[in-house]
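Visitor: sequence and predicted structure are below.
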Amino acid sequence: MTQDLIILIVEIAAAVGAAGGLGYWFTRKPKTPPAAPEPPPSLNRTLRSTRDSFWGKIQRSLSGSIDTNQLEIIEEILYTSDLGPTTVAKLLDSVEDQLSRQDKKSLDMLKTSLKGEVNSILTAVPKMGQSPFLNFESSAKPQVWMIVGVNGVGKTTTIGKLAHVAASKGAKVLVAAGDTFRAAAQSQLRAWSERAQVEIFAPEGVKDPGAVAFDAVQMAKARNYDLVLIDTAGRLHTQDNLMEELKKVKRVIQKLDPQAPHETLIVLDANSGQNALVQAQKFHETLKLSGAIFTKMDGTAKGGVVLGLASQLQLPTVFLGVGESMDALTGFSPQEYTEALFEA
């Protein structure tokens, strides 16, 4: 075999590999596994601003013995803490009940009452704080996770972080570029996939997100992938036609696996406060969500929205985004969250 022929064969092989053999673009499997994620910051530090706007504000506004006349002050602070009206009502009922039972109505008594009710609300939600990766190794493969949310919440970044976590556990991960509406979506997702050292499925010229999801899952089944993360177009929860399209994506996935998607996770911006609850409610009605991931939790004063989500929708929070780095995704603990809301 001549040297020119060898070079030609190598070039053809490279071209076919880059195209995925079928006009699909996907990165190559890394030769070495990615490093294990570094530990994220503690919830106590993450929720510092939220704590200050919630319990910190109550402490600064009240002093000495507490009477029923001060309930209005407490109520006002609770309503401005992005907890949601349902949650505020539950907390106030608990406080009023404690006030009626105690002779000495101190700030410590109020703290104990609020902590107990916050913890009760969170722990009453099934799978609250339970990571989707908990039983991942023993689950049927491929696992298919559908990631949804409105524009600008950090959905693409979150998918990259989830892919990184899975890859660090040794999983073979495929990211499906189902956002076919936004021009820069594929390039951004490709960049995050490269950082996470996982493969991406992004068919050229395909505008139907359902077709992308179907082909990605089909490919994952044929090539023994462990996890498929399906990106979806960010859309306003008020756009009914686009919400219907999400239902179509779910239906076509179920043609290949009736149990899929195994997780339907909504990404919410913690800074959006009460609007995050409205978004989650609409997506939940459309898709039956399995959990929520809050981004931009570090530094926000609106972290109380986690409690509102649990109280109003019984929807578990499974991860918190606490930064832009690949490792800045932390699990959620109801107990740690409760302590972080009240302890400096």
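Guide: That came through fine.

Visitor: run through the stretch 101-250 of the chain and note the low-pLDDT ranges.
Guide: Within the stretch 101-250 of the chain, the stretches with pLDDT under 70 are 235-238.

Visitor: which residues in it form strands?
Guide: Using DSSP state E, counting those that start in this stretch, the strands found in the stretch 101-250 of the chain span residues 143-148, 173-176, 199-203, 227-231.

Visitor: the third one versus strand 227-231: what angle between them?
Guide: Yep, that's strand 199-203 we're talking about. Our comparison of strand 199-203 with strand 227-231, counting by axes from the mean of the first three to the mean of the last three CA atoms, to 10 degrees, yields an angle of 50 degrees.

Visitor: show me what strand 199-203 is packed up against.
Guide: For strand 199-203, the contact count by 3 or more CB pairs under 8 Å, 6 or more residues apart in numbering; DSSP states H and E identifies strand 24-25, strand 173-176, helix 185-196, helix 209-222 as packing neighbours. The C-beta positions use only the backbone N, C-alpha and C, and glycine is treated the same way.

Visitor: most tightly surrounded among those?
Guide: Taking mean count of other CB atoms under 10 Å as the contact definition, the stretch among the helices and strands packed on strand 199-203 with the greatest mean neighbour count is strand 173-176, which reaches a mean of 28.

Visitor: list the strands paired with that strand, with their directions.
Guide: Using DSSP bridges, the neighbouring strands of strand 173-176 in the sheet come out as strand 199-203 (parallel), strand 227-231 (parallel).

Visitor: if we can go back for a sec, mind putting the strands of the stretch 101-250 of the chain into a markdown table with distance to Gly299?
Guide: Listed next are the strands of the stretch 101-250 of the chain as a markdown table, based on distance: least, CB to CB, whole Å:
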| stretch | distance to Gly299 |
| --- | --- |
| strand 143-148 | 23 |
| strand 173-176 | 28 |
| strand 199-203 | 30 |
| strand 227-231 | 26 |
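
Visitor: and of the ones you listed, who's closest to Ala191?
Guide: In this view, the strands of the stretch 101-250 of the chain are compared for proximity to Ala191 by CB to CB, and strand 199-203 is the closest at 9.7 Å.

Visitor: show the average pLDDT along the helix or strand harbouring Asp52.
Guide: Assigned by DSSP states H and E, Asp52 belongs to helix 48-53. Across helix 48-53, the average pLDDT comes to 93.

Visitor: gap between Thr87 and Val217?
Guide: Distance from Thr87 to Val217, counting by CB to CB, to the nearest Å: 38 Å.

Visitor: again, but for Glu324
Guide: Between Glu324 and Val217 the distance is 30 Å, computed by CB to CB.

Visitor: please consider this matter closed, and thank you.
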